[in-house]
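Visitor: Requesting a structural model of the entry that follows:
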Amino acid sequence: PVQKGFDRYYGFIGGETNQWYPDLVEDNRFIDQPYEPEKGYHLSKDLADQALQMIRDQKASNPSKPWFMWFCPGANHAPHHAPKEYIEKYKGKFDDGYEAYREWVMKRMIAKGILPKDTKLTPLEADVANPADAVRPWASLKPEEKKLFARMAEVYAGFSEYTDAQVGRIVDYLEETGQLDNTIIFYCADNGASGEGSPSGSVNENKFFNNYPDELSENLKYIDVLGGPDTYNHYPTGWAVAFSTPYQMFKRYSQYAGGTACPMVIHWPKGIKAKGEVRHQYHHSVDVVPTILDVIGLKMPTEYRGV
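Guide: All right, here's what the predicted structure looks like:
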């Protein structure tokens, strides 16, 4: 990883990893995690710890030198792993199902000015490329299925908040050390909700990748430990659609923008006069690097390592 242009690296190489027992890499070597989940380990926390230490080390060795950090937690990608106390915060919040959630969240987005007032809700489902991408209407579910699916959404929400808390630790440190006002922060995701959990959710996402169907009876056995070290869980496709509101479908269905059109927050008090405003123009991830180069006054290299 350090051959990609970074001085230091700490994280995982693959597209996803277990949040309790990650495949960790430090600089250019694989390492064991520093301690076990039983002692409080979680990848998001570990990444924040390492990020804080890297900033401290850099400021101690060369305090006048600017720094660049790309902080990439495993969240909110599957598997959805979170401390139990964060999951419990959302108990009962998703009991009305994914159709009801879509309507509730779209009204909130309109009220906050994120969506136009005349925005119409897209259909719940579209033509799917794979039967495993289909969405089962909430009203068609059995009571035990609703209980399981709601719990999977609670786990995801807890996972999301726990990640925000770790990012918050870094922001708090920057504020405490007087660096926040002149640090430009891009807070965004590489994609939105994904549908690998299949129509009935999964306690082990690897089943989807191997075309091995989940069974409700099997999944219900794990309802009390979802999000913990004993599962590799992913919510059902209905939540993937709901968490892509107002767009249709989810990641892999780019024609509908669901899961591919994602929000981004930019924070730079010293350089941006506007505060708390919403920008509606469309941007692409390729716009980020030129923006950073403009901010720091550098031009894109015309040649790199002979290329």
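
Visitor: Let me see the contact set for residue 185.
Guide: 171, 265-268 (Cβ atoms under 8 Å, 6 or more residues apart in numbering). C-beta here means a position set from N, CA and C on the backbone, and glycine is covered the same way.

Visitor: at 6 Å instead, please
Guide: residue 267 (Cβ atoms under 6 Å, 6 or more residues apart in numbering).

Visitor: can you check the one 3 residues further on too?
Guide: With contact taken as Cβ under 6 Å, 6+ apart, residue 188 is in contact with residue 264.

Visitor: beta partners of it?
Guide: Residue 188 forms beta bridges with residue 264, as assigned by DSSP bridges.

Visitor: roughly how far apart are it and residue 78?
Guide: To residue 78, residue 188 is 19 Å away according to Cβ to Cβ, to the nearest Å.

Visitor: per-residue confidence averaged over the strand or helix carrying residue 208?
Guide: Using DSSP states H and E, residue 208 falls within helix 206-209. Here helix 206-209 scores 81 as its mean pLDDT.

Visitor: With just CA atoms, put it into PDB.
Guide: What follows is helix 206-209, C-alpha atoms only, in PDB (Å, rounded to 0.1, in the frame of the first residue of the first chain):
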ATOM      1  CA  ASN A 206     -20.700 -15.500   1.900                       C
ATOM      2  CA  LYS A 207     -23.700 -17.700   1.100                       C
ATOM      3  CA  PHE A 208     -24.800 -15.100  -1.500                       C
ATOM      4  CA  PHE A 209     -21.500 -15.200  -3.200                       C
END
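
Visitor: Now do that helix: which elements does it pack against?
Guide: With contacts defined as 3 or more Cβ pairs under 6 Å, 6 or more residues apart in numbering; DSSP states H and E, helix 206-209 has no helix or strand neighbours.

Visitor: tally of neighbours for residue 191?
Guide: 16 (other Cβ atoms under 10 Å).

Visitor: my bad, should have said residue 153
Guide: Around residue 153 there are 24 residues (other Cβ under 10 Å).

Visitor: can I assume it is in contact with residue 94?
Guide: Yes: in this structure, residue 153 is within contact of residue 94 by Cβ atoms under 6 Å, at 3.9 Å.

Visitor: How far off centre is the helix holding residue 208?
Guide: Once both centres are worked out by Cα atoms, centre = their mean, to the nearest Å, helix 206-209 turns out to sit 20 Å from its chain's centre.

Visitor: For residue 272, give its distance to residue 291.
Guide: 11 Å.

Visitor: can you check residue 166 too?
Guide: Counting by Cβ to Cβ, the gap from residue 166 to residue 291 is 25 Å.

Visitor: Comparing the two, which residue is more hemmed in?
Guide: Just comparing residue 166 and residue 291: by other Cβ under 10 Å the higher neighbour count belongs to residue 166, 21 against 12.

Visitor: Not counting sequence-adjacent ones, nearest residue to the more buried one?
Guide: residue 48 (4.0 Å; Cβ to Cβ, 6 or more residues apart in numbering).

Visitor: SS state for the one you found?
Guide: State at residue 48, reduced to three classes by DSSP: H, G, I helix; E, B strand; the rest coil: helix.
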